[in-house]
Structures are given as structure tokens and as C-alpha cells.
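1. test case, fold it:
(chains A and B)
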Amino acid sequence: MVFSSLLFLYLFLPANLLLYYVRKNARWRNLTLVAFSLFFYAWGEPLWVFVLMMGVSVNFLCGRLVEVSRRKGLRSMARLGVVISVGMNLGLLIVFKYTGWLIDTLNLFLPQAVRLEAPPILLPIGISFYTFQAVSYVVDVYRGQAKAQESYYKLLLYISLYPQLVAGPIVRYSDIAGQIDRRCTTAQDLSAGLTRLLCGLTKKVLVANTAGKLLTGFTAGESVAGAWFGMLLFTLQIYYDFSGYSDMAIGLGRMFGFTYLENFDYPYISRSVTEFWRRWHISLSTFFRDYVYIPLGGGRRHAWRNLFIVWFLTGLWHGASWNFVVWGLYYGVLIALERLFGDRMRAPRVLSHLYLVFVTLVGWTLFYFTDPAMLLHQLGVMFGLSGAPLWDARVGLVVMNNAFWLLGSLLFCMPVVPCLKRCLARLPEGGIALVRFGETALNLGMLALCTCLLAGQSYNPFLYFRF
Amino acid sequence: MKEERPKETRPALVRADEELRRSDRTWKITAPIQVILVVGMLVVGGVLSVVAKKPTESVMEKRELASMPEFSALSLADGSYTRQVENHYTDTFPLRDQLVRAAADVSEHYGVRADEGRIHTVADAGGGQPVAPVEPDVSVTPPPAADPPPASSAPESTDLPPDPAPSPSSEPDGDEQVTFNQSNTVFVYRGDALSLFGTGSDAPAEYYASQLNQWQEVMGPETTIYNLVAPTHIEFVTLPERLESLSSPQKPNIDTINANLAPSIKAVDAWSKLNEHRDEYLYFHTDHHWTGLGAYYAYTAFCEQAGFTPVPLSRMEQRTIPDYIGSLYAQTQDSSLLGNPDHIDYWIQPTAAEVTQYRRGSPFYGFPSALLAESAKSYSVFLCGDYPLTKIVTQAPGNRKLAVIKESFGNAIVPFLVNHYAEIYVIDQRYFELNLPAFLKENGVNEILFINNIFAANTYIRMNELARLRTQVWAPPAPVEPEPEEEPPSSSESSASDGKPHARKRQVESRPERKNEFEKEIK
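-> Here you go, the predicted model:
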């Protein structure tokens, strides 16, 4: 199931809310969430839900093993627990996500006669996210940052909780462990969660889906302007899609008393690639930092090697295709360059923003085209090497036809909302109450708008389902 | 528990939220009001969506809505059950038609109409979509003033043909392989919906010509082959200069095709005839087809090549279907098109003709039909829509026999041809299920007219159908299918039955080029 669907909004969610809040008992509430989460997952993956549950069992046992061994001082046993758990999680990921890619890559080096055929494995939704969460659980227990969970269903709740299950954010066990047993939800939380959910929904339905639809007309490389405009649309689509999804996850989490960390912090206003990755998909970059980069030795030992590994893996995580690896390494190289020369070069503000926008557009081009020939063609057009005309009339028409939408989408890439909120905070008390009523009206409006658009959109794929 | 996480760089939104929360003392009162109103709207919508009566078809989209699937363990396991339930739920959501219309209105306000024009990205603007077959009226020439019988006044949604009327949006073959051919862009300009044409290379045109050349090879020199590539609306619309580059000129593409044809194949120059009359009503404003008049001029061009004198329009009786809103409105939902509705002119031919049509899955058993479905309110009036095979026996003098291999553009031209041929076999290249060379030899047909609109002639799926017709072999439907309502397996693919894996697979299997397989035809 996806959040941006009528079925989720009008049946699943209200049913979940009513059943959840009908009793105060914490166990009832947790079990309700587990049941709804499993149903949510099984709706899209009726078989793989059992892989999920089995994976959680193994991680549960490993967590216990690590905890008990730690307490008794058996370091190697604890290590074994971590190895089993990490091995199984990565194994699942490799089998389900990378088999086809590995075989295709291997085939490049094999003679025609012995080439292998890739088995038709379909990627279970969300596997890239929930395996990482499971890794964070066992490792956090091993590091002593959290106590092992004593109850299977609570661990199942942590891993399968539907707000974050299928497209993140990657929630760390240590961040959330306490909330599994004790969380208080006030009307304010519920209210703020609803607002956040509807904002995310609007970002997804109004902006990302529209950008995705417009984008399809600009990927054939008919003109230089068209190629850049197409990539601008993709830049908007991927940000609004993914950050909208994170907003919905955070909002839903909050409605049930979970506080997730922010996953995006206006990445496109960054002034360097390093800053961009502090603001883009924060839960992923910190995961790689804390569970790969630092354990490998961080910046102290083999810094360059570590950087290469992390960015290779970051790229590969986004999809089983070489263009994602290239995309990851592209950012790795830029970050290395910034580290080497960044201190000495203080560019003016305008230039550093332009630099980041340029780098991001080229980056998303690498990301968008999984087919190398099409990628090279697109890059050739963008940089004027293909002889394509500079301009075609369609660009101008589409810009005009969607001028307000485009301006709004660009505007909300900047931190307008936080600025507005800080201004509103300075209003007198009665004023703020009025603002809250305005918020309610806005929410009802956004819900109505999204309902219309969802009814009108048969085109409704979530980009991040691929990962 | 998260001591080591650096705190100094908390996201802007978190800080702002905190600030607002601190200064808001009334939130305790306003929050529950918001919760009640928003959750209330969800609950009310949810309850209505469950208790409201579920429609089964959409008048607006001219299609059947997804129905509630039957439960089975298998469909649950492979995920199709939940997917269909969700499709059903979304399709039958309360007030869906109004919501969809509202969504289109919203998106019309995303910006301004530049130069009175608006670009739409659609699933398929190029003519891959079939024209819904309709129930024919068997009486060919009813009295002119007769009202259409009430029973057939809703022709589009008939359950008669084996393929349900497809929805434009679920029609996947438009954008599957058409990378260089912008058949997914429609430009609405001053009340006219224009499919934009664009090709980056000559390769598709050359491929199309090679397909026809292979037909000539297979049929041998005693068969005369005609090629008619129909230009589309935008070719004859005068756009302001800065918009001219929106769509590639179609004439050079047609010339490329003709230049690559074997010398024995006769190219029909419909373009020039249409161009002579470019200010007349040759194309619909709201539909991707040409009008009966446009088809008539193409017919005169064909007569020149085939050696006939065209019958003047004045010798035919003209009738009109008013207020027609066509396929490109359905795809774009552009409200400006509603202000410019079409009318459909058609002509009763002076030569009598007996028409038999064959449904999909039933290539040997036809039913009596008509050249023109006068009860239809759409382009389906011509030949009653797209049937795999239409057999026409006429009282025209002489003994010439013609096969017309066409997509839907061909439908409008065929009625004029009854004045010249004793027998006409109209083959829809998308749906015909028999081995065609064998079929033609058997019926003694030695003239073939290929009609494709320029989008089809540049779309590999359409072209590969021409190859498939040469090699495919009829396989009767298996009698012991587990689902009795399933349509019999057919080797053509482009209807709403798409996505059924077996249909797709069969098509792939039959594609290999085995050239001479006539003998294997099964009776």
C-alpha cells in the first residue's frame, strides 16, 4: 500500500486511528500497530511479508545472543551474533536486490556460451530500508547503546512499523527504543502529525507526480534547454517525492507517538556538496557514517579508501545498476575535492549556490538514466556536444503552462515554511489561535485537493520503491 | 540515549516548530478541533466510500470501471487480488467523475495558456488506441429521418465484442517503444487538439518500408501493393512561426518511406490531396482521426493510383452526427475543447454492399453488419469500429478484390471503396488472428492497400504487427480455461486485455521471422 492512495487515506488510516485510540492500554496499542503494519505490508507483498517476519525472528535471537554474551563478557559470542545478523540482513538484500545486477555484471566478462540467466526476482518493497534498521538494532545492542528487546512483537513493531517501513527514514533502534514501551500522545501531537502528513501528501501528489508527468516529455534530448529543463523537473520530482514521503512518515509516526528525526533539511539551498549530504536523506548518510565509515577507520585510517567504499555503497544502495554507483562515486569525488581544496577557496555566496545547483542537476542526470547510451546522449545534449538546437518551443510552452506551479515548487525548496513559522510565533496569543484555525482550513483544503488529484491520477508510482 | 549525536545542527523546521509551540498557549484548545475536523473528513469519506452505491462504468471515460475481483489463494499470493481491489476502490470512489474533472480544472490553473496553447502529456496520442467496436445496424439505408433505436443509444459500452472498451489511460502501447516519436504529447491550440509528431531519425520510416517490401516478397509479383500513409491534423494547421518547431513536418517522413519502398509498390499520395483542401474540415478538433471528408480526399488519391474515377461526393447522400467530443479530449481533459465540439459527416454509398464482421477469438464465424453504424455517436460510425476482419461483398462492376490492412484511420476510407471492388477484406493489423498471406491467397485477393497514420507508421509495435500477420498461425482458444470469462487467447495485444501475461507471451513467440508458413493454416 502507498500513503498517496485513496484506500490508505480513507479506509486504512481512519480504521487504524480509531482502533488505536479506542483503548489506552499500551500493549493493545502496540499490537494494533503491528497488525496494521503487517496488513499494510502484506497488501503489496503478500508473500514477502513472511520473509520480513522471519528476518525479524533471526535478528531478535541474535539480539538476545549479543546481549547475554555481552553481559557474561563473551566478546566472541557477541561478535558472532552481530556477524550472523548482519550477514543475514545483507544476504537478504543481495539475494533480492542485487542478484540480477551481479549476474549481468558477471556476464560482461564471460564468453557468450557460458552466460548465466538472471532469475526473475522481484524486489520486495522496502527491503533496503528494513534490513538497514535491523542492522542498526543488533549493532546498537552490541555497542551497548541499547538494550536488546525482550519481546518479539516489539522488535517486529520497530522494524515493520508502517510509517517508515517502505521508504524510510531509516530509524535507529537506539533513537526509538524508549518510545516502544512509553509514549504519550497528546491532541497536539495528533494535530501536528496530521498537518505534517497532509503537507507530505501534497508535496507528493501536487508536485512530485506532476513533475514526473511533465518530465516524460523532456528525456529524449531534443534541445539543450529542454534537456536541462527536464533534469530540473527530475530534481524537483525526486526531492518532493522523497521528502514528501519522509514528511508523511514523520507525521504518521507522530500521530502514534513516535518521534522520528528529520530526514531532509532543505538540501537544495546548500553551498557545497558536503553540506548537501548533511541535508539530503539524513538518515541514510548518518547510517553510512556511523555503521560503515567510522568502523572502517573514518578519517584517521585509510581515509580515501573509506570514502571510496562509503560512496560506492551509497550509490549502489539506491539501485542495482551501475549508473547509481557512478552517481555515488561522483559525489564521493566531489566531497574529496571539497575536503582537499574547500578551505582555501572561499567562493562568493552566489557562486557556491550555483555550483551546488549545477552539480545536483548533473548528479540527477546520472541517477535518472539507467541506460548508459541514453545517459551519454542526454549529457551530450546538455553540454551542447550533440548538435541539438539550443531551444525548442515546447520548453517555453510548458514553462508558461505551469508557471505558477513551477514558481511555487522552486520557492518551497527553500526554507519558507520555517521562516513563516518563526514570524507567526511572534504574533500575540489570539493571533496564533487564528493561525491554528487557518492551518485547519489549509489541511482540509489540501486533503480535498489531494483527493481530487489522486482520483485524477492513474499515474502514481513512488520513486523510492525501487530501492 | 543519543548523547553522541551532535545537536548544534538541528534542522530548520524542528527549530521553527519548537519556537511556535513555545509561544502558542491556545494550542491545547485548537488542536482537538483540527483533529476532529480532519479525521472526521477522512471517516466520513471512508464511510461513504463503503456504503455508497458502486457504479460499474464511467460515462466520462467511456470504459468499464474495475470490478471487485473474485478471491482466490493464487491471486492473493501473486498480489493481483489486492491490486485489483485497490483499482476497484479508486475507480468507484464516491463522486469520482467530479473529482477527476476538478483535478483537470486544477491543473489548468498551474500556469497560463501561452499563445493560446497548452501542452499535455498523455498516454497515447498517436492512434494506438482502438476505436471501440459498436453494435452495427444491419439495415444499411434506413429512412433518413429515423431516430436511432433507443436500445443502441449507448453504443460505446456494449459487452458485445470480446474486448471490453479500453480506457485511454490504460493503453500502454503508445509509449512503450516510441522513444523518438512524441506520440505522447498533445498540443491544444485554439480549440484544436493536435498530436505532436517528432522523429529523430529516418530509421522507423525505413523499417516501415522494409516491412511492406517483405510483404511484396511474400505475396509475389502478381499482387499489387499500395501504401497510404495518412498525415495527421497538425500537418495542416498553420502555427505562429515560433511554434512551428513543436512538431516535425510529416511530408519528409512520408517521402522517406516511399523512397525506400520496392519499385513495384504503389505509393498513394494522400498528403498532396489533403494539402490542396487544407482549409476544409479534414480533421476533428477533439479526436486524433481524420474526418470522413479527409478520408474522402485520401480516397481520391488512391483512385488515381488504382486506376478508378472517384465517385463525386455529390452522388452520395450526406448525413451528420452532431456534437461529438473525441479521444483527445478524453486524454487531455482540456476544457477549451468542450467549446469546440465536432460533428461527424458520413456518406451513404450508391453501391450496395453486404458486410460481415468477425469478432476477436472467432475468425471463422462472422455476423451480418454494416458499413456505417448510424447509431454510433463517435468515429465508430465508420465500419462499426475496429473489428479484426470485415468482409464486404459489393455489387460494384468488375471482379477486383482488395485487402485493406489498416489501423483505425482506415475505417473512414473503406466505405468509399465499395464502389470499385467486388470484394473487400478489411484487416485490422492489431487484432487479426489468422495467417494473413494464406487467407488472402485462399480468397483470391491480389491487391493490398496498407493504411497507417504517420504515428503508426513510425511505431515499432504497429510495424511488427505487419510482420506478425505474415507469420502467425491461428491457435483456437483452449476449451478448459480455469476462468470461463477470460477472453480466448489472441495473438494481438493492444486492448484492455493487456497485462495478461499469456497474451503478451504469445505475441513474442510468434514474432520470429519464419517466412513461409502458409501451408500450416489450420481449419
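
2. lowest average confidence across helices and strands of chain B, where is it?
-> Ranking every helix and strand in chain B by mean pLDDT, DSSP states H and E puts helix B:501-509 at the bottom, with a mean of 35.

3. any bit of stretch B:322-332 sitting next to chain A?
-> No. Under the criterion of Cβ under 8 Å from any Cβ of the partner chain, stretch B:322-332 makes no contact with chain A; the nearest approach is 11.7 Å. Every C-beta, even on glycine, is put in place using the N, C-alpha and C of the backbone.

4. that stretch: which residues count as buried?
-> For stretch B:322-332, burial by neighbour count (16 or more other Cβ atoms under 10 Å in any protein chain shown) applies to B:Y324, B:I325, B:G326, B:S327, B:L328, B:Y329, B:A330, B:Q331, B:T332.

5. any weak-confidence spans in the chain?
-> The chain I'm using is chain A. Applying pLDDT under 70 to chain A flags the ranges A:343-345, A:458-467.

6. you looked at the wrong chain, it should be chain B
-> B:1-8, B:59-63, B:114-115, B:123-183, B:200, B:477-523.

7. if we go to 50?
-> B:1-8, B:127, B:139-182, B:481-523 (pLDDT under 50).

8. the longest helix belonging to chain A packs against which elements?
-> Of all segments of type helix in chain A, defined using DSSP state H, the longest is helix A:224-255. Applying 3 or more Cβ pairs under 8 Å, 6 or more residues apart in numbering or on different chains; DSSP states H and E, one finds that helix A:224-255 contacts helix A:162-165, helix A:187-202, helix A:209-215, helix A:349-368, helix A:372-382, helix A:393-401, helix A:403-411.

9. let's see that with 7 Å instead.
-> Under the contact criterion of 3 or more Cβ pairs under 7 Å, 6 or more residues apart in numbering or on different chains; DSSP states H and E, helix A:224-255 touches helix A:162-165, helix A:187-202, helix A:209-215, helix A:349-368, helix A:372-382, helix A:393-401.

10. buried deepest among those, which one?
-> By mean neighbour count, with neighbours taken as mean count of other Cβ atoms under 10 Å in any protein chain shown, helix A:162-165 ranks first of those at a mean of 26.

11. quick one: that helix near chain B?
-> No. Counting by Cβ under 7 Å from any Cβ of the partner chain, chain B has no neighbours in helix A:162-165; the shortest distance is 14.8 Å.

12. run the chain-centre distance for stretch A:366-376.
-> 21 Å (Cα atoms, centre = their mean, to the nearest Å).

13. got it, and stretch A:173-188?
-> 22 Å.

14. swap in stretch B:428-445?
-> Here the centre of stretch B:428-445 is set off from its chain's centre by 22 Å, with Cα atoms, centre = their mean.

15. give the buried residues for it.
-> Result for stretch B:428-445 [16+ other Cβ under 10 Å]: buried residues B:428-441, B:445.

16. now stretch A:281-293
-> Result for stretch A:281-293 [16+ other Cβ under 10 Å]: buried residues A:H281, A:I282, A:S283, A:L284, A:S285, A:T286, A:F287, A:F288, A:D290, A:Y291, A:Y293.

17. filter those residues by proximity to chain B?
-> Okay, of those, nothing touches chain B (Cβ under 7 Å from any Cβ).

18. now, the residues you listed that are in strands?
-> Judged by DSSP state E, the buried residues of stretch A:281-293 include no members of strands.

19. and chain A, what are its domain boundaries?
-> Per automatic domain parsing, the domain ranges recorded for chain A read A:6-183, A:188-272+A:342-466.

20. where do the domain boundaries of chain B fall?
-> B:53-107, B:150-477+B:486-520.

21. enumerate every residue touching B:T90.
-> Residues in contact with B:T90, defined by Cβ atoms under 7 Å, 6 or more residues apart in numbering or on different chains, are A:L6, A:L7.

22. can you count the residues close to B:Q216?
-> Residues lying near B:Q216 (other Cβ atoms under 10 Å in any protein chain shown) number 18.

23. which helix or strand contains it?
-> helix B:203-219 (DSSP states H and E).

24. that helix close to chain A?
-> No. Under the criterion of Cβ under 7 Å from any Cβ, helix B:203-219 makes no contact with chain A; the nearest approach is 13.5 Å.

25. in that helix, what counts as buried?
-> Neighbour-count burial for helix B:203-219 [16+ other Cβ under 10 Å]: B:204-205, B:207-216, B:218-219.

26. and B:R462, what element?
-> Taking DSSP H and E as the criterion, B:R462 maps to helix B:460-471.

27. scratch that, B:V426 is what I was asking about
-> Assessed by DSSP H and E, B:V426 sits inside strand B:423-428.

28. what's the angle from that strand to helix B:460-471?
-> 130 degrees (axes from the mean of the first three to the mean of the last three Cα atoms, to 10 degrees).

29. now for whichever helix or strand comes after strand B:423-428, which elements pack on it?
-> Sequence-wise, the next helix or strand downstream of strand B:423-428 (DSSP H and E) is helix B:436-442. In terms of contacts (3+ Cβ pairs under 7 Å, 6+ apart), helix B:436-442 is packed against helix B:460-471.

30. who does the helix it packs on touch, helix- and strand-wise?
-> helix B:203-219, helix B:436-442.

31. related to what we said a few turns ago, tell me the one of the buried residues of helix B:203-219 nearest chain A?
-> Nearest to chain A among the buried residues of helix B:203-219 is B:P204, at 13.5 Å by Cβ to the nearest Cβ.

32. my read: the closest one touches B:I461, true?
-> No. If you go by Cβ atoms under 7 Å, B:P204 and B:I461 don't touch, sitting 11.1 Å apart.

33. ok, the closest residue to chain B within chain A - how many residues close by?
-> Residue of chain A nearest chain B, by Cβ to the nearest Cβ: A:G456 (2.9 Å). By other Cβ under 10 Å, 21 other residues sit near A:G456.
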